[in-house]
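**Q** Here is my input; please provide its structure:
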Amino acid sequence: MTDWHIESFFDRATGTFSYVVADLTNQVCAVIDSVLNYDQDAGKISTESADEIIRYIDDQQLTNLWLLETHIHADHITATHYLKPRIGGRTAIGSGIKQVLPMWIPVFNTAANTPADASQFDQLFDDGDVFQIGQLNAKVMLTPGHTPACASYLIRDAVFVGDTLFAPQSGTARVDFPGGSAQSLYDSIQRLYALPDRTRVFLCHDYPDEDAAPCNQMLLKEHKENNRMLNAQTSLATFVERRLQRDGQLSVPKLILPSIQANMRLGDLGEPDDNGIRYLRIPLNQL
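**A** Residues are numbered from 1 along each chain as shown. Here you go, the predicted model:
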């Protein structure tokens, strides 16, 4: 019988995977990259995806220790702010968040309710930090490139890479957001590629056809052999050319404006106005 387990949850609307990593011996766990459901057309927030995680943790009689983010997501709103009072856990992200906040807080003019020192997070991880999920050692690998705040979490033979890698046929993260860097992403992926070939790579996203099952993991060996953007033989110059050419063809993520402003506060949507209604800010002509 295994002493640990990884449970995946897929939000098809945003193509996002969330994970619960559990130490079954001590009945404790961590949540990685949760999702708060948001219907942009209706301006409606709901909690189906987060409630599924809560039910799982309750059903398995787990105690949650961590609410982990791999980065400030631009394609979905995190449910961390919703989850923390319901299941507990320390909130954490890579220390590169200190570079991200000054880039985006002025865009949304939210200095009054978005701490620029990242004190809204309980823990800021540096590269090489190790933290515990019960008896599981989790090692932090800062993997900037997509954003300066990107971090991957290495737990035994599994690594949770956020947007750094997609399925091999899709490639890698884009690098055209503020603070993005093709060279930094290349260097980060080289560090991941130095892990054992049998390492299981758990993805944050997949975008399958409607009738197809999503793919949440594959072996690192498959990325090194078949990743369309960056395999083990791809030079830096070739990757930079491929990545910048591809990014020039991509549209802006449709949820980037609601997502980033909320995710800088762990999914906190802010206080209601004096009429009792909460509002998201949409800065015009800024992207």
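**Q** distance of the residue most central in space within the chain from residue 128?
**A** Central residue of the chain (Cα atoms, centre = their mean): residue 70, 3.8 Å from the mean position. Separation of residue 70 from residue 128 (Cβ to Cβ, to the nearest Å): 16 Å. Quick note: C-beta positions are derived from backbone N, CA and C, even for glycine.
**Q** ok, how many other residues are close to the nearest residue to residue 169 once chain neighbours are set aside?
**A** Nearest residue to residue 169, sequence neighbours excluded (Cβ to Cβ, 6 or more residues apart in numbering): residue 228, at 6.1 Å. By other Cβ atoms under 10 Å, 15 other residues sit near residue 228.
**Q** Could I get the pLDDT score of residue 228?
**A** Residue 228 is assigned a predicted lDDT (pLDDT) of 96.
**Q** which residues touch it?
**A** 168-171 (Cβ atoms under 8 Å, 6 or more residues apart in numbering).
**Q** Pull the residues that contact stretch 170-190.
**A** 74, 99-100, 103-104, 141-148, 150, 162-166, 206-207, 227-230, 236, 239-240, 243-244, 246-248, 250.
**Q** Separate out the buried members of these.
**A** Among the contacts of stretch 170-190, the ones that count as buried by 16 or more other Cβ atoms under 10 Å are 74, 99-100, 104, 141-148, 150, 162-166, 206, 227, 229-230, 239-240, 243, 246.
**Q** Name the helix or strand for the residue nearest to residue 169, please.
**A** Under the criterion DSSP states H and E, no helix or strand holds residue 228.
**Q** how much space between it and residue 14?
**A** Taken as Cβ to Cβ, the span from residue 228 to residue 14 is 22 Å.
**Q** Residue 49 too?
**A** Distance from residue 49 to residue 14, counting by Cβ to Cβ: 9 Å.
**Q** Mutual contacts of these two, please.
**A** Going by Cβ under 8 Å, 6+ apart, residues that sit against residue 49 and also against residue 14 are residue 35.
**Q** Please look at residue 20 and residue 28 and confirm they touch.
**A** No. If you go by Cβ atoms under 8 Å, residue 20 and residue 28 don't touch, sitting 10.7 Å apart.
**Q** what is in contact with those two at once?
**A** Common neighbours of residue 20 and residue 28 (Cβ under 8 Å, 6+ apart) are residue 62.
**Q** Residue 226: what's its closest spatial neighbour, skipping adjacent residues?
**A** Residue 226 sits nearest to residue 168 (Cβ to Cβ, 6+ apart), 4.2 Å away.
**Q** whoops, I mixed them up, residue 223
**A** Counting by Cβ to Cβ, 6+ apart, residue 168 is the residue found nearest to residue 223 once chain neighbours are left out, at 5.5 Å.
**Q** again, but for residue 15
**A** That would be residue 207: by Cβ to Cβ, 6+ apart, it lies 4.5 Å from residue 15.
**Q** Stretch 255-270 - what's its average pLDDT?
**A** Averaging pLDDT along stretch 255-270 gives 96.
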